[in-house]
Every structure is written in structure tokens, then in C-alpha cells.
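Student: Here you go, sequence then predicted model.
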Amino acid sequence: MAVPAPDPGPPGHEPIIGGGAGGWGSRAEVLVAVPAVTLVAIGWATHAAEAWRRGMTEGDTLWYHATFALRFVQLERLWVFPGIAAPVQDPFPANAQMLHALAFLPFERDVLSPLVNLGFGALVLVAASVIGRSRDAGALALGGAALVMGLPTIAGTQPGQATNDVVCGALLLAAVAVLLHAEPTPGSVAVAGAAAGMALASKLTVTVPVAVLTLGMLTLAVRARRAGLAAAWVAGAVPFPAFWFARNWDLAGNPLPWYDLAIGPWHLRRTVVMVSAESIADFLPRFGTARHLWATGLGHAFGRAWPVVLLLALAGSAIAFLPGRRPAERLSGLAAAGAVVGYVTTPYTMMFAGGLFQDTIRYSFAVVLLGVTLAALGAAAGGPGWRLVFLLTAAVVVALNLGAPRTERLAPFVAGRLPVVLAVLAVTATLAATGWAGRRRAAPGGARWPVVLVGVATLVAVVGGGYLTQRAYLRHRYVDAGLPLDPVNAHLGPMRGQRLAVLGTLHFSPLLGVSAGNTVRYVDGPAGGRNTCHAWRRALGRAPADFVVVGEGGAFFFNPRPAWFDDHPSLRRVAGGPGGTLYRVAGPLAVRCGSRAASSR
């Protein structure tokens, strides 16, 4: 049943935030939205179950997301650059990686990491429902959220992984939800600001919408003579990103070390060079040559209905200009428009001349999520016809993406894990139904033993299931994950205290071991760009190592040849396969190439 909206007060004195409370919409809308959300949630759960079976296998997770989290654990502090991967990634704000580091601590394993993004996926649904209910359209907003979470590039890279797109998107949406629904008090404004600040501290792709929300809130507060609300927003929003920017200033001499900054008489020089950092905006003058690339990438990442997804995402900003909108709604629409501009100008979206565009489209998750959710509010204002069109469109897009086979790990669900997930859901539903029925039948003040029994059974199921999950995870983690270095990862997994020199691969996190006990030194390309045997051996010999990991074809630029290391007099082959080899170090590494290796230069 819809909840009456609060009294907005006299004309011209409406609250600058909140002012919206309602319900889910009609029963028919709920009956359409709930199955769509359920199917997407099951798909996400299968990916998490697969991660517990094999390990987290998404490329950026292996490269730096999970690796940075494990490095924070190893170094036992956050005020540090992780020191693995590319220098351009070290200064990234790392709230999401911090959460994975915290999840590592209870068991000294990363077994809880697949749960992190599932939690933020749940936050997406909660925030979307709150936004929708501000206009009696909770079901519509849930359907829109399901559409976005079911996109191939999101469903295939976020659940069960350490990627942070869903983290910043969920927090940005939560900030908007609080602004649209909460009472205009310093406490609620501080919570909204904290959510926005944590979003920015998780990923820089939300810089523009967070800046719009900040400037808008300060302007609204000043105009309403509510200085306390302005102070509350600043108090909530500033600390989280400020921590990471202060760290950068201390360690790199620049809070944004990717850019030259001029602040009055101060000139902070760029200390990090961004290679191939082209944005979509850089390619707009070449629209004729880039449009095919964009269409192909969008089709791969958003599915066959990608024009509809883009249209809905762009439509969300229109809410800022519809008549009868509350100040918070107009501000949210402006933030959605700013998010579009921010994404178009985000570096690396067209890296390597657009060659990775289909992989970087997931950077737009926050943009699309906010736009589609706000579009649900616009549809709600258009009347029953528009509401029906929006919800059916969302359901059709979800169905199309769930039914379309995907490649490159962008499947909507993992078929092999589906029976396990369905069995868990069935047991959970049975326990919940039993407890609910027992609670209804219990007389007031009478025995509650059915509820207690269900609670105990649930606890036993969670503990027992968790124990079995951890055992299976530790037994199979990165052993048969389908990665090029599976044999190497299986050998190094149980080890602790080993120093690894790694080259030819970017899959770092499995090499650190199950307990994050190994240290990794990444050997970048040889000095001067000389991809030769002698150059690689000189690069390898710069620091001590107990093992050397040589990948094959897993780095962007230079890939060494196995023959350059197979006849190295100080290396003993321990494990390996077609994707790479693990060598034990038995002597000095800086030696010249032998005749067999030199002949393959």
C-alpha cells in the first residue's frame, strides 16, 4: 500500500532533499519485475559459486584489484603504493580493494571475496527500490536495475570478482536514494555525502556526478539558508576520497599524479605517464571511422538491445527538466547528465586505438545504472502507459541477454553452478517459509520453538555450508581455473615466504599464494624496448628471487620466449604448461645467453 507523501510545506519552502515516499506500484508491475530481478540474481549467484569453485578469474581482478588487496594485507597498511602492476594503477583510490583486504583477515584467505560484489549488487537493488518508491514506482526501478545488472559486461565481470564497477555504481545510487527519500536533516545529508564520497574513493569514473551532487547540494543548502546541511555533506563526502588523495600527495608529490596541477603559485608536476589513455571524446572527431568499433563493442557488452539500453540511460537525465520535479530529483538528473559527460571524457575507454573498447565499457556501469533508474521515475510520471512500456522493455532486455550465448567470460550465468545455487535457494526458501508459518501459528506469549528450530537449522546450514565451501575452494583454487598459468598457480598456492620474479603475464594475485605469503616483483619490458634474450636476462637479474615465473603471451607489450630461460644455467624447471613455466633459482640470474638461446633472439 502506498505511503502518503509528507507535507512539502508552504509554496517556496519545499524541502531541498527528500519529500518523496510511496509504494511499489501495481501488483502487475511487481509480478513482472520480481521474476526479472530473481533471474539476474540467480545468474550473479552462479558466478559467485564458480569463483568459490575455481578462484576469481576476471582479468583485472588477477592483474591489480585482488592483487592490491593482498598487498595491503602483506604490508599491513593502506598508506602505501602496492608496487605491482603498472605505475599508473598504484595511485588509484582503493576503497574496494580495502574491503577485500578486510574480508581476507578473518580466515587469512580470500574465501569471502566473492561475497563482496554480491553485497553491493544487493545494495543496487535496495537503492533502486528506494528511488522508485519516491514516486510509487518501486517495481519499475527494480526492473531497470535488473536490466543493468544483467548486461553481459556486468553479469560477466562483477559477481564473484574483485572488480569495483558495481561498488562505485551502488554507492552513487545509494547517495541519490537518500537524497530523494530521506528527511532533510544533517544526519541524512551526511549519509548521502558519505555514500558519494565512498563511490569516488572506489573508482574515479564517478568524479563528475559526485562533483555535480556536491556543488548542487551546497548551492541548495546556501539558498535555503541551511548551512548545517552544507557542512554535513562536506563532512560525509570528503574524508573517504581525501585519504587516498593525501596518500598520493605524500608518496608521489601530487594528489592526482596523472596530471600537471597548477594551484596558485604551486605547480605539482605529473609523476605518472598514462600510456594509450585515449577517451571516447578523443575519437569523436573521427566518428566515421570509430562508429563501427563502438557499435561492435556495445553489442558485445550490452547485448543485442544495446540501442535501447543507451536510450534509457540517456533518458534519465531528462528528469531534471520535467515539470513538477522536486529539487533533489532535478539535482539527480543533472548528476546523470554529468555522468554521461564524465564517461565520454574518461581516460582509457579507447585504449590501444579502441582495441579494448568492448572491455572498458563496464566503466559506464554507474552512468547506465543511474540513468536507467531515474528513467523509471520519468516513466512513472508519464502515466500507466509509459509505466507499462518501461517495465516490459526492461523485462525483454533481461530475457534477451539471459538467452544469448556469450563468449570471453561474459556469460549471464554459469550453467555448471546453476544446480548448486538452485538447491541453496530451495533450502533457504523452505527454512524461511517454515519459520514464517511457525511464527504465525504461535500464540501470543506462547512457545516459539518452530522459529528457534529454524534459526538453529539456518545457522548450522550456513556454518556447515561455509566450511564445505572453504574446503572445496582451498583444494581447487586456481588449480583448474582455465587460466594459462594453472600448473604454476597450483604449485605456488600452498607456499609462503617465496620471492617471485614474474614476467610475461599480468595474472599476479594467484602467485601470491592461498595465504598471501609470497612476494612478487614484476619484471617489466627490457630497458630501451629491446625484446632480446640478453635484455631480458639483464632485467631479470636486478633483484633476488627464489622462483621465476615466465608467462607466454600474457603481457601487453613485450613477451619473452621460453627458450631464453630453458637453457639458463641458474634456472631449474619446476612446473608449467603451454601458458607459462615456473623455474627455481639455483644461482646468479644476471648471466649472458647461451648459444641455443641466443640463436632464437
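Tutor: Received it, and whenever you're ready, just let me know what you need.
Student: In this structure, mark out all the strands, start to finish.
Tutor: With DSSP state E as the criterion, the chain has strands at 261-263, 266-268, 499-505, 519-522, 547-554, 571-577, 580-585.
Student: Rounded mean pLDDT for the third one, please.
Tutor: Across strand 499-505, the average pLDDT comes to 90.
Student: Leaving out sequence neighbours, find the closest residue to the residue nearest the centre of the chain.
Tutor: The residue lying closest to the centre of the chain (C-alpha atoms, centre = their mean) is N164, at 2.2 Å. Nearest residue to N164, sequence neighbours excluded (C-beta to C-beta, 6 or more residues apart in numbering): A96, at 3.7 Å. All C-beta spots, glycine's among them, are computed from the backbone N, C-alpha and C.
Student: Then H47?
Tutor: Excluding the flanking residues, the one nearest H47 by C-beta to C-beta, 6+ apart is P159, at 3.9 Å.
Student: Would you mind measuring from the one you found to R537?
Tutor: Counting by C-beta to C-beta, to the nearest Å, the gap from P159 to R537 is 42 Å.
Student: Neighbour count for the two, which is higher?
Tutor: Between P159 and R537, P159 has the larger neighbour count (other C-beta atoms under 10 Å), namely 29 against 21.
Student: tell me the contacts of that one?
Tutor: By C-beta atoms under 8 Å, 6 or more residues apart in numbering, the contact set of P159 is G43, W44, A45, H47, A48, A51, P114, N117, L118, G121.
Student: Tell me where the stretch 101-250 of the chain has helices.
Tutor: Applying DSSP state H, counting those that start in this stretch to the stretch 101-250 of the chain gives helices spanning 113-133, 138-149, 152-155, 165-181, 186-202, 207-223, 227-237, 239-252.
Student: Repeat that for the stretch 251-400 of the chain.
Tutor: 280-283, 287-302, 306-315, 327-344, 357-360, 365-381, 384-403.
Student: Output the fifth one as PDB, restricted to C-alpha atoms.
Tutor: As requested, C-alpha coordinates have been extracted for helix 357-360 and formatted as PDB (Å, rounded to 0.1, in the frame of the first residue of the first chain):
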ATOM      1  CA  PHE A 357      36.700  -0.700 -26.000                       C
ATOM      2  CA  GLN A 358      34.400  -3.700 -25.600                       C
ATOM      3  CA  ASP A 359      36.200  -4.500 -22.300                       C
ATOM      4  CA  THR A 360      36.300  -0.900 -20.900                       C
END
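Student: what does that helix rub up against?
Tutor: Outside helix 357-360, the residues within contact range by C-beta under 8 Å, 6+ apart are G59, T153, L293, W294, T296, G297, H300, A301, Y348, T349, M350, M351.
Student: got any ranges where the stretch 251-400 of the chain has weak pLDDT?
Tutor: The model of the stretch 251-400 of the chain has no residue with pLDDT under 70.
Student: again, but for the stretch 501-601 of the chain
Tutor: In the stretch 501-601 of the chain, residues with pLDDT under 70: 525-529, 553-558, 594-601.
Student: just the helices in it please.
Tutor: Going by DSSP H, counting those that start in this stretch, the stretch 501-601 of the chain shows helices at 533-540, 563-566, 595-598.
Student: Generate TSV for the ones you listed, with distance to A221 as supplementary columns.
Tutor: Formatted as TSV, those follow (distance: least, C-beta to C-beta, whole Å):
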stretch	distance to A221
helix 533-540	56
helix 563-566	63
helix 595-598	68
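Student: mind checking which of those helices is nearest V191?
Tutor: Proximity to V191 (C-beta to C-beta) singles out helix 533-540 among these, at 49.8 Å.
Student: any idea of the mean pLDDT for stretch 182-189?
Tutor: The average pLDDT within stretch 182-189 is 89.
Student: Sorry, wrong one. I was asking about stretch 206-216.
Tutor: Mean predicted confidence for stretch 206-216 is 97.
Student: what's in contact with that stretch?
Tutor: By C-beta under 8 Å, 6+ apart, stretch 206-216 touches 168-169, 172, 175-176, 179, 193, 196-197, 199-200, 233, 237, 331-332, 334-339, 341-342, 366-367, 370.
Student: since we're on the nearest residue to D110 once chain neighbours are set aside, how many residues are nearby?
Tutor: With C-beta to C-beta, 6+ apart as the measure, F104 is the residue that lies nearest to D110, at 5.3 Å, once sequence neighbours are left out. Residues within reach of F104, counting by other C-beta under 10 Å, total 21.
Student: I'd say F104 and L70 touch.
Tutor: Yes. In this structure, F104 is within contact of L70 by C-beta atoms under 8 Å, at 7.0 Å.
Student: what is in contact with these two at once?
Tutor: Common contacts of F104 and L70 (C-beta under 8 Å, 6+ apart): D110, A516.
Student: tell me, how many neighbours does the closest residue to F321 other than its chain neighbours end up with?
Tutor: Taking C-beta to C-beta, 6+ apart, and ignoring the residues beside it in sequence, F321 has G333 as its nearest neighbour in space, at 7.1 Å. G333 has 26 neighbouring residues, counting by other C-beta under 10 Å.
Student: G333 and G121, how far apart?
Tutor: Noted for G333: a distance of 24 Å to G121, by C-beta to C-beta.
Student: Next: E329.
Tutor: Using C-beta to C-beta, E329 is found at 25 Å from G121.
Student: Could you give the number of residues near D250?
Tutor: Residues lying near D250 (other C-beta under 10 Å) number 10.
Student: Ok, the one 5 residues further on next?
Tutor: Burial of P255 is recorded as 19 neighbouring residues (other C-beta under 10 Å).
Student: Now for A246, how many residues are close by?
Tutor: 12.
Student: Sorry, wrong one. I was asking about Q97.
Tutor: For Q97, using other C-beta under 10 Å, the count is 25.
Student: Same check on G497?
Tutor: Using other C-beta under 10 Å, G497 has 9 other residues around it.
Student: swap in R109?
Tutor: Neighbourhood size, R109 [other C-beta under 10 Å]: 17.
Student: Nearest spatial neighbour of it, chain-adjacent residues omitted?
Tutor: Using C-beta to C-beta, 6+ apart and skipping the chain neighbours, the partner closest in space to R109 is V514 (6.2 Å).
Student: A69 too?
Tutor: H100 (3.7 Å).
Student: which residues sit in contact with the one you found?
Tutor: Residues near H100 by C-beta under 8 Å, 6+ apart: H65, A66, A69, D110, S113, V116, A162.
Student: go again using 10 Å as the cut-off
Tutor: Shown in contact with H100 (C-beta atoms under 10 Å, 6 or more residues apart in numbering): 56, 61, 65-66, 68-70, 72-73, 94, 110, 112-113, 116-117, 162, 164.
Student: mind checking how far it is from W24?
Tutor: Distance from H100 to W24, by C-beta to C-beta: 34 Å.
Student: Output stretch 79-98 as CSV - backbone C-alpha positions only.
Tutor: Output of stretch 79-98 as CSV, limited to C-alpha atoms (Å, rounded to 0.1, in the frame of the first residue of the first chain):
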residue,chain,number,x,y,z
TRP,A,79,49.2,4.4,3.3
VAL,A,80,51.4,2.7,0.6
PHE,A,81,51.5,2.1,-3.1
PRO,A,82,51.0,-1.7,-3.7
GLY,A,83,54.0,-1.8,-6.0
ILE,A,84,52.7,-4.4,-8.5
ALA,A,85,51.3,-3.9,-12.0
ALA,A,86,51.6,-0.6,-13.9
PRO,A,87,52.7,2.6,-12.1
VAL,A,88,49.6,4.3,-13.4
GLN,A,89,47.5,2.0,-11.2
ASP,A,90,49.3,2.4,-7.9
PRO,A,91,47.7,5.9,-7.1
PHE,A,92,44.1,4.7,-7.9
PRO,A,93,41.7,5.2,-4.9
ALA,A,94,41.3,1.8,-3.4
ASN,A,95,38.3,1.6,-1.1
ALA,A,96,37.0,-1.5,-2.9
GLN,A,97,40.4,-3.2,-2.5
MET,A,98,40.5,-2.2,1.1
